[in-house]
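In: Take a look and give me a structure for this.
(one chain, ligands or ions: 3)
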Amino acid sequence: MPEYFPEVSEPIQYAGPKSNKALAFKHYNPKKKILGKTMAEHLKFSVCYWHTFMSTGSDPFGPGTMLRTYNEPEDPMEQAKATMDAAFEFFSKLGVGYWCFHDHDIAPEGETLAESNRNIDAMVKLAKKHQRATGVKLLWGTSNLFSNRRFMAGAATNPSPEVYAYAASKVKKAIEVTKELGGAGYVFWGGREGYDTLLNTDMERELDHLGRFLGQAVEYKEKIGFKGQFYIEPKPKEPTKHQYDFDAAACHAFLQKYDLVDHFKLNIESNHATLAAHTFIHELEYAAANDMLGSVDANRGDLLIGWDTDQFPTDIRECTLAMYIILRAGGFKTGGLNFDAKVRRQSIDTVDLFHAHIGAMDAFARGLENAAKLLSSKKLEKFIQKRYAGWDKGLGAKIESGAMDFEALESYTLEHGEPKVQSGRQEMLENILNEYL
Ligand code: XLS
Ligand code: NI
Ligand code: NI
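Out: Residues are numbered from 1 along each chain as shown. Ligands and ions are numbered 1, 2, ... in the order given. Model prediction:
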């Protein structure tokens, strides 16, 4: 088998924070134990197939810039095979435990659904062989319901029932192969489930169709005995003007309305959070507070550019706060940190793929270490506990237990007068956080 990443001859090693080696981990030490688990077990890093192996740097103003040897074969299936060989070589050399893919990342779409499915089957066979040989596991699978022109007006929310049927057929297959590959999860990202203009949109009907579609997916999952976790990945816009899976709260409300909330968790993506005018931390916190935190698409946006730039995460403060929430919520169960991120258009060498992933893994390793220390110090938790202590006894406990109606609350206030107020101490807390970065 040809070697696709000759610039890295040995798997990337942990060399420690003092090392000057660029192709080494300074902080990610997979076997190091933190709060009873290894770093690898906490972080569960995953490489995404689409950005890392399928995208070559195109943007709205120009085509790809990256020339890859695995893209050289002209026959689409030969190209797909070379790409998969390259992908597993990369996973092994980088030392990640997981990968994620869309159906047509790994296999070209054929002229018909039947041909597409045959292509997928052939590639799944190869993926299975590679998974067995390398020990790399599938974090989640998904179906691309947004690139082909048939999906221009959405998949489950398309005005045409034929497109709904096509989308269902693709998701059916993608769930089957995710099961076949032992996937721990399956993601629904509603690529074009939204609208470009309300002038042509029956929103009520579209939402009902999306609810039905996801319900049918749950039914099928149960029918074939797929035990993986279903996730919804919120995103507010892009490619459409508005997407129904806007943010964590909108997805949660949607799942409750259609009685699906027990069957899904959320896959929170950092760049999608900022597109929704939230922070990544807000989305994680909302998900955790509602027992909906499932998995993470770890990347970062650029606040000066208004789209999903999908850059590799490097911000230590953000990684620390993210891991703080994840640890506090009990850590990942089925999910992990999937790098839904791509190298910049000028980063044209394959070695740039290593630099990008190494930096992101080190950033999250530091985030994990910082978060573990911050959590063990209990400094933030103690502050919050004290801030809400009024609810643990007396008046607060009575309100929480439902023992005080509006009339009783009025009598209490008439008797006790003006409440005492307390400082929020934001600056002090920000200083504490900085001590841990
Ligand atoms: C696009 C999404 C996509 C999903 C998988 O913005 O992030 O990559 O993660 O379909
Ligand atoms: Ni994503
Ligand atoms: Ni994205």
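
In: So which residue is dead centre in the chain?
Out: For the chain, the residue nearest the mean C-alpha position is Asp297 (2.4 Å; Cα atoms, centre = their mean).

In: And that one, how far from Lys398?
Out: Look at Asp297 and Lys398: by Cβ to Cβ, to the nearest Å, they are 43 Å apart. C-beta here means a position set from N, CA and C on the backbone, and glycine is covered the same way.

In: same deal with Phe213?
Out: In terms of Cβ to Cβ, Phe213 sits 46 Å off from Lys398.

In: neighbour-wise, which of these two wins?
Out: Neighbours per residue (other Cβ atoms under 10 Å) separate Phe213 from Lys398, with Phe213 holding more: 21 against 15.

In: For the longest helix along the chain, name the packing helices and strands.
Out: Assignment by DSSP state H gives helix 350-377 as the longest helix of the chain. Helix 350-377 is packed against strand 33-34, helix 39-43, strand 45-48, helix 76-94, helix 316-328, strand 337-339, with contacts defined by 3 or more Cβ pairs under 8 Å, 6 or more residues apart in numbering; DSSP states H and E.

In: and that helix with helix 316-328, angle?
Out: 60 degrees (axes from the mean of the first three to the mean of the last three Cα atoms, to 10 degrees).

In: how about Pro313, secondary structure?
Out: The three-state assignment at Pro313 reads coil, by DSSP: H, G, I helix; E, B strand; the rest coil.

In: That one contacts Phe364, correct?
Out: Yes: judged on Cβ atoms under 8 Å, Pro313 makes contact with Phe364 at a distance of 6.9 Å.

In: who's more crowded, the two?
Out: With neighbours defined as other Cβ under 10 Å, Pro313 and Phe364 compare such that Phe364 has more, 30 against 25.

In: for the spatially closest residue to Phe146 that is not a sequence neighbour, phi and psi?
Out: Computed as Cβ to Cβ, 6 or more residues apart in numbering, the closest residue to Phe146 that is not its neighbour in sequence is Gly191, at 2.7 Å. Per-residue torsions, Gly191: phi -40, psi -50 (degrees, to the nearest 10).

In: Begin at 3 from now on, thanks
Out: Okay, using 3 as the starting number, the last item reads as Gly193.

In: how many neighbours does Gly193 have?
Out: Quick note: Gly193 (other Cβ under 10 Å) scores 23 neighbours.

In: Next: Met3.
Out: Met3: 8 surrounding residues under other Cβ under 10 Å.

In: if we can go back for a sec, report the beta-bridge partners for the residue nearest to the centre of the chain.
Out: Beta bridges link Asp299 to Glu271, Asn340, judged by DSSP bridges.

In: Phe282 is in contact with that one, correct?
Out: No: Asp299 is beyond contact range of Phe282, at 10.0 Å (criterion: Cβ under 8 Å).

In: what is in contact with the two at once?
Out: Contact criterion Cβ atoms under 8 Å, 6 or more residues apart in numbering; residues shared by Asp299 and Phe282: Ile270, Ser272.

In: residues contacting Tyr168?
Out: Leu115, Arg152, Ala157.

In: Spit out the contact partners of the residue of the stretch 53-202 of the chain found nearest ligand 2.
Out: Per Cβ to the ion, Trp191 is where the stretch 53-202 of the chain lies closest to ligand 2, at 5.9 Å. Applying Cβ under 8 Å, 6+ apart to Trp191 gives the contacts Thr144, Ile234, Glu235, Lys237, Asp247, Asn269.

In: Just the ones in strands from those, please.
Out: Of the positions in the contacts of Trp191, Thr144, Ile234, Asn269 sit in strands, assigned by DSSP state E.

In: how deep is Ala279 tucked in, by neighbour count?
Out: Residues near Ala279, counting by other Cβ under 10 Å: 9.

In: Point me to the residue of the stretch 303-439 of the chain nearest ligand 2.
Out: Asp342 (3.7 Å).

In: List the contacts of that residue.
Out: Asp342 sits next to Cys50, His53, Cys102, Glu271, Asn273, Asp299, Ala300, Asn301, Asp312 when contact means Cβ under 8 Å, 6+ apart.

In: got the residues of the stretch 203-352 of the chain near ligand 1?
Out: Contacts of the stretch 203-352 of the chain with ligand 1, taken as Cβ under 6 Å from any ligand atom, map to Glu235, Lys237, Glu271, Asp299, Asp310, Asp342.

In: Quick check: which element contains the fifth one?
Out: When secondary structure is defined using DSSP states H and E, no element contains Asp310, which sits outside every helix and strand.

In: Validate this expectation: Lys267 resides in a helix.
Out: No: counting by three-state DSSP, Lys267 is not found in a helix; it is strand.

In: So which residues of the stretch 153-302 of the chain form strands?
Out: Assigned by DSSP state E, counting those that start in this stretch, the stretch 153-302 of the chain shows strands spanning 187-190, 196-197, 231-234, 244-245, 266-271, 295-299.

In: Kindly calculate the angle that the fifth one makes with helix 318-330.
Out: Counting by the same axes, to 10 degrees, strand 266-271 points 170 degrees away from the direction of helix 318-330.

In: now what about strand 266-271, what contacts it?
Out: Outside strand 266-271, the residues that reach it (Cβ under 8 Å, 6+ apart) are 142, 187, 189-191, 216, 231-237, 250, 253-254, 257, 282, 285-286, 289, 294-299, 301, 336-337, 340, 342.

In: what about stretch 308-321 and ligand 2, any contact?
Out: No: Stretch 308-321 does not reach ligand 2 (Cβ under 5 Å from the ion); its nearest approach is 7.8 Å.

In: Perfect, that will be all.
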